[in-house]
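# how would this look folded up:
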Amino acid sequence: MALITLAYRRADAAVLPEGSGFLVPPVDGRTIKASTFASRKWDWIDEQDPDLVVLRTSVGRYGETEILGRDDAGLIDVSRHDLAEATGLTAAPVAARVTRWQDGLPQYPVGHHARVARIREHVAKLPGLAVCGAAYDGVGIPACVAGAHAAVDRLGGDLRAVREPTAHPVQSLHGGAGE
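Numbering: from 1, shown residues only. All right, here's what the predicted structure looks like:
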C-alpha cells in the first residue's frame, strides 16, 4: 500500500465535494482506493496553514503489487488523474509526498471473524487478559480504539490484573524490559 499526500492552494481546492473524503470501489476501475480530505478531517492539519488544503490518496488494493512498483512521480500522477476524474480537482499540488507501507495492512481471510471469536473464547479463560488491535477488529484508528474499549469492557474495567505485572515485572537474565 502507498499513501500519496498532496497539498493544494485552498483556492484551487474549492472544487472538492463536501465531506472528509471518499472510497473507491474496485468496480470503478480507478487506481486510488480512497481519498481523505485531511484538512477537513483533522483540525490540527487545517490549522497548520490556512492557505493550504492537504489531502491523501491510497493505492494498492489486496493483490495489486504492480502499482507499488511505480516510482513516486508515477503514483502522484495517477492519484492526480483519479482525483480529477472524481472531484474535478485539476490544479497542480504545491507539495507531494509518497509513503509506502509494504504489507502494511492485514488481509483478513474468509473465516476471520470465527477465528477471532475462538481466540477470544480461549483468552477469556485467562484472568486479566484480552486481545485487541488491527489483527482482530479492523485496520483504522477508530476500529482499534473501539477494540481497545471492548477489551477493557471484557476485563470488567478491573485493571488490577494489569497493574500487578506492571508494578513487579519479570526479571530477565538477558536484559531488556523490566530491568
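# where does the chain dip in pLDDT?
Judged against pLDDT under 70, the low-scoring parts of the chain cover residues 157-179.
# Longest helix in it, please.
Counting by DSSP state H, the longest helix found in the chain is helix 72-87.
# Only the buried residues of that helix, if you could.
The neighbour-count check on helix 72-87 (16 or more other Cβ atoms under 10 Å) flags 75-76, 78-80, 82-83, 86-87 as buried. Glycine gets a C-beta too; all of them are placed from N, C-alpha and C.
# And stretch 87-104, by the same measure?
87, 89, 93, 96, 98.
# ok, and the closest non-adjacent residue to the first one?
Nearest residue to residue 87, sequence neighbours excluded (Cβ to Cβ, 6 or more residues apart in numbering): residue 16, at 5.5 Å.
# Now do the same contact list for the one you found.
Applying Cβ atoms under 8 Å, 6 or more residues apart in numbering to residue 16 gives the contacts 37, 53, 55, 87, 89.
# Same check on residue 74?
Applying Cβ under 8 Å, 6+ apart to residue 74 gives no contacts.
# I'd like the numbering to begin with 186 instead of 1 from here.
Sure thing, new numbering starts at 186, so read that last one as residue 259.
# how near is it to residue 216?
Residue 259 is 10 Å from residue 216, where distance means Cβ to Cβ, to the nearest Å.
# And for residue 272?
In this view, residue 272 and residue 216 are 15 Å apart by Cβ to Cβ.
# rewinding a little: show me which pair in the contacts of residue 201 is furthest apart.
Greatest spacing in the contacts of residue 201, by Cβ to Cβ: 238 and 272 (11.6 Å).
# Helices along the protein, start to end?
According to DSSP H, the helices that the chain contains are 223-226, 228-231, 257-272, 297-308, 319-322, 326-339, 345-352.
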